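S.K.: Here is a sequence with its predicted model. Questions after.
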Amino acid sequence: AVFLLMLHNGVKDYRPDIVDEANRVRSIRIEELRQSYDFVIVGGGSAGCALAARLSENPAWSVLLLEAGGDEPFLFDLPQLYPLFQRSPWDWMYSVEPSDRYCLAMEDQRCFWPRAKVLGGCSSINAMMYIRGNRHDYDQWAQLGNAGWDYATVLHYFRKMEDMRDPQHQHSPYHGHGGPISVERYRTPSPLLPIFMQAATQLGLQHPDGDFNGRTQSGFAPPHGTLRDGLRCSANKGYMRRSWRRPNLDIVLKAFAEQLLVEPAPSKRVWGVRFEHAALRHVVRASKEVLLAAGALASPQLLLVSGIGPAEQLQPLGIQLQQHLPGVGRNLQDHISTSGAVYTVQSAQPNTHLSFIVPEQLNEQSVRDFVQSRKGFFYAMPVSEVMGFAHSRYQQQQQQQRRAGEDWPDLQLFMGSYGYGADGGMVGRRGAAITLENYAQTFEPVLYQDSFVIAPLLMRPRSRGYLQIVSADARVHPRIHANYYDHPLDMAIMVEGLKLAHRLTQTPALQRINATLNIYEWRNCPEVEYLSDAFWECLARYYSQTIYHPVGTCKMAPQSDPLGVVDPRLRVRGLRNLRVIDASIMPTIPTGNTNAPTIMIAERGADIIKEDWHHYPQGGWL
Ligand SMILES: Cc1cc2nc3c(=O)[nH]c(=O)nc-3n(C[C@H](O)[C@H](O)[C@H](O)COP(=O)(O)OP(=O)(O)OC[C@H]3O[C@@H](n4cnc5c(N)ncnc54)[C@H](O)[C@@H]3O)c2cc1C
């Protein structure tokens, strides 16, 4: 806490680039709120910020952005601090329903799901890994009946959002320049990074050109980050700080949307939003459209509390049904990983470390390095210094059946120079909600030791979860049924991923530094054979770790799909003047982290709105 205070004060005094006084977004005073805007956007996260900036480019339109959180605090800029803001006032702090199939090492056997409550949304608290997904993901969206979402179309929007600053990839046709979101490599890697790369190369797995967002995805390389001058570039920094002064854009921070306001049938026009700000209720009208961008948990919840969803769920709660839409809250997908395996290492140089050990690095010198010399520990993001995309044998078999040598990996791997023991449980344990008992058993033997983690992520789960509201009040969290590992193939692929991770640790590169697994006897599953498939499965069930990518709960689909919520122009079925534009519309989860795909959705969504209001009277709403 002392060092954080020092950091905060140091940034205030010495880092005008972070304080960015002139460009910080300012909320309007509530007395300045107009009665009506052309567009009212609910949620100022990754999607909401991009939407507000793009729609307000048209000076003839008035736009209001309602965000429940406040502006981004200074310390959010520092990559190293990214996990610190979980379970803080900037986190909605969701927990999923308890399970006997996953998160067994966590408090109440529940996985903890952080979601940001701040301008910029999860782009302000995420790990900044910049991955667009695979071209086949988007071609699949189009094949499912979503015209205009194929890779060739969405590539334009990925380039539009981007300012590629890595000189190695600046001239690639896959990258954009001058867009709001800057992309760079992370700074201050640990000495493990080149060793990780050697290990991947020794297995023949190095990425051909080090660009996961270019020609091919498979292979291992250091990832790009959504970074500007080595610091976080959130959707707030990228989009809002350059557009909030427009006279046609108003922003109300700390504005909690409670309900969408719908004219009764037959019109079913969504005409406004009721929200709470500073303990008072307000109603604002949208003369053109309401745009829901509250994220994959809050967007479906707001639909449900507003009477839009499965009738059988709403009626018992006394919510007046506006539109029966059985798909709202269903089709929930997330990227699950396994976090329990920590490998200790030994540096050949006495008194030096290969990995990040928090108490040693969190000191006055590193604070000074950051605030005065603009370098050092706080620029690092150790969770995935090297990232990999790989095909499990199940994916290879499927591809052989289709006779396709496709580059469509079903596993992502994070090679991180930071084990759960590295911070004594201060951040990692707290964030994942691991019980003290499990933490003591599994990580105490490696506490503060030089160590690393290789975490495999299941890229395209077959299992689907769902949300269920328990109250008509939008403040009461919904029940989240994550349903990880419901489909047996999901666990089989995870086990493959863990075995690949272990194979990497057995390469000469990692054996030279004596990479040793922290688990010698497996107290959680004493009956399983060491390093057998059952051993890895047990690890996956205990140390299940969300990678924080819930998507899909307001699925985009053609009319023929009974669980579709929005059409390919992102209009909510059966209603007028309402669209959902955020991570919840993804029909299937992309192969990679979800921030860039979400911003792409908002960029494309903004263009769709512009096209519709340009070409059709009343925006094409019948
Ligand atoms: C800890 C963490 C790490 C992650 N790491 C990465 C990563 O490294 N790379 C990556 O690509 N992705 C990462 N992600 C995921 C990625 O950031 C999200 O998928 C993406 O930001 C989702 O964007 P969104 O616009 O759909 O929702 P959000 O960004 O969640 O935005 C929703 C916004 O709506 C607001 N809101 C909610 N309810 C209301 C209401 N009732 N009234 C008003 N406002 C409301 C919220 O406060 C929030 O600001 C991570 C996420 C987390 C949480």
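M.R.: That came through fine.
S.K.: neighbours of the closest residue to Asp410 other than its chain neighbours, just the number please.
M.R.: Setting aside the residues directly before and after it, Asp410 is nearest to Gln395 in space (C-beta to C-beta, 6 or more residues apart in numbering), at 4.2 Å. C-beta: built from backbone N, CA, C; applies to glycine. Other residues within reach of Gln395, judged by other C-beta atoms under 10 Å, total 19.
S.K.: Could you point out which residue ranges in the stretch 151-300 of the chain have low pLDDT?
M.R.: Scanning the stretch 151-300 of the chain for pLDDT under 70 picks out no residues.
S.K.: near the ligand, which residues of it?
M.R.: Within reach of the ligand by C-beta under 6 Å from any ligand atom, the stretch 151-300 of the chain has these residues: 256-257, 293-296, 298.
S.K.: Using CSV, lay out these together with neighbour count and secondary structure.
M.R.: Putting those into CSV (neighbours: other C-beta atoms under 10 Å; DSSP: H, G, I helix; E, B strand; the rest coil) gives the following:
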residue, neighbour count, secondary structure
Phe256, 18, strand
Ala257, 25, strand
Ala293, 32, coil
Ala294, 28, coil
Gly295, 26, helix
Ala296, 29, helix
Ala298, 29, helix
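S.K.: Need the max-distance pair from these.
M.R.: Phe256 and Ala296 (17.9 Å; C-beta to C-beta).
S.K.: Dump the residues of the stretch 151-300 of the chain next to the ligand to CSV, plus distance to Gly619.
M.R.: Converted to CSV, those look like this (distance: C-beta to C-beta, whole Å):
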residue, distance to Gly619
Phe256, 27
Ala257, 22
Ala293, 18
Ala294, 22
Gly295, 24
Ala296, 25
Ala298, 25
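S.K.: Asp137: which of these is nearest?
M.R.: Once C-beta to C-beta is applied, the member of these that ends up nearest Asp137 is Ala296, at 16.3 Å.
S.K.: and Val401, what pLDDT?
M.R.: For residue 401 the amino acid is Gln, not Val. pLDDT for Gln401: 69.
S.K.: Show me what residue of the stretch 51-200 of the chain gets nearest to the ligand.
M.R.: Nearest residue of the stretch 51-200 of the chain to the ligand, counting by C-beta to the nearest ligand atom: Gly121, 2.3 Å away.
S.K.: Does that residue touch Ala235 like I think?
M.R.: Yes: contact criterion C-beta atoms under 8 Å: Gly121 and Ala235 qualify, at 6.8 Å.
S.K.: between these two, what contacts are shared?
M.R.: Common neighbours of Gly121 and Ala235 (criterion: C-beta atoms under 8 Å, 6 or more residues apart in numbering): 45-49.
S.K.: what about the residue of the stretch 51-200 of the chain closest to the ligand, neighbour count?
M.R.: When neighbours are counted by other C-beta under 10 Å, Gly121 comes out with 32.
S.K.: go on, the one 5 residues further on?
M.R.: For Asn126, the count of nearby residues is 23 (other C-beta under 10 Å).
S.K.: Let me see the contact set for it.
M.R.: By C-beta under 8 Å, 6+ apart, the neighbours of Asn126 are 82, 116, 548, 593, 595.
S.K.: Out of these, which sit inside helices?
M.R.: Members of the contacts of Asn126 lying in helices (criterion: DSSP state H): Asn595.
S.K.: Near the ligand, list only the ones from the contacts of Asn126.
M.R.: Among these, the ligand is touched by 116, 548, 593, 595 when using C-beta under 6 Å from any ligand atom.
S.K.: Next, Gly210: secondary structure please.
M.R.: coil (DSSP: H, G, I helix; E, B strand; the rest coil).
S.K.: start the count at 47, not 1, going forward
M.R.: Noted, 47 is the first residue going forward, which turns the last one into Gly256.
S.K.: Model confidence for whichever residue of the stretch 447-596 of the chain sits closest to the ligand, exactly?
M.R.: The nearest approach of the stretch 447-596 of the chain to the ligand comes at Tyr594, 3.3 Å away (C-beta to the nearest ligand atom). Listed pLDDT for Tyr594 reads 98.
S.K.: can you check the one 4 residues further on too?
M.R.: Reading off the per-residue confidence, Gly598 sits at a pLDDT of 98.
S.K.: Likewise for the one 3 residues further on?
M.R.: Model confidence at Lys601, given as pLDDT, is 98.
S.K.: Among the ones next to the ligand among the contacts of Asn172, give me the pair with the biggest separation.
M.R.: Ala162 and Asn639 (14.7 Å).
S.K.: buried sites along whatever helix or strand Arg327 lives in?
M.R.: Taking DSSP states H and E as the criterion, Arg327 maps to strand 326-338. Neighbour counts over strand 326-338 (16 or more other C-beta atoms under 10 Å) mark 328, 330-332, 334-338 as buried.
S.K.: Going by distance to the ligand, which of the shared contacts of Gly167 and Ala281 wins?
M.R.: The nearest one, if we look at the shared contacts of Gly167 and Ala281 relative to the ligand and count by C-beta to the nearest ligand atom, is Gly91, at 1.7 Å.
S.K.: the bottom helix or strand of this structure by mean pLDDT?
M.R.: helix 439-447 (a mean of 83; mean pLDDT, DSSP states H and E).
S.K.: So which bits of the stretch 497-646 of the chain are right by the ligand?
M.R.: 520, 594-595, 628-629, 639-642, 644.
S.K.: Tell me which residue of the protein is positioned farthest from its centroid.
M.R.: In the chain, the residue that sits farthest from the middle, by C-alpha atoms, centre = their mean, is Pro396; the gap is 38.9 Å.
S.K.: and that residue, which of the three is it?
M.R.: Assignment for Pro396 (three-state DSSP): coil.
S.K.: From Ile515, how far out is it?
M.R.: Pro396 is 58 Å from Ile515, where distance means C-beta to C-beta, to the nearest Å.
S.K.: Could you tell me the end-to-end distance of stretch 103-122?
M.R.: Length of stretch 103-122, first residue to last, C-alpha to C-alpha, to the nearest Å: 27 Å.
S.K.: So for that stretch, what gets flagged as buried?
M.R.: 104, 107-115, 117-118, 120-122.
S.K.: With stretch 351-368 instead?
M.R.: When burial is assessed from 16+ other C-beta under 10 Å, stretch 351-368 yields the following buried residues: 351-356, 359-360, 365, 367-368.
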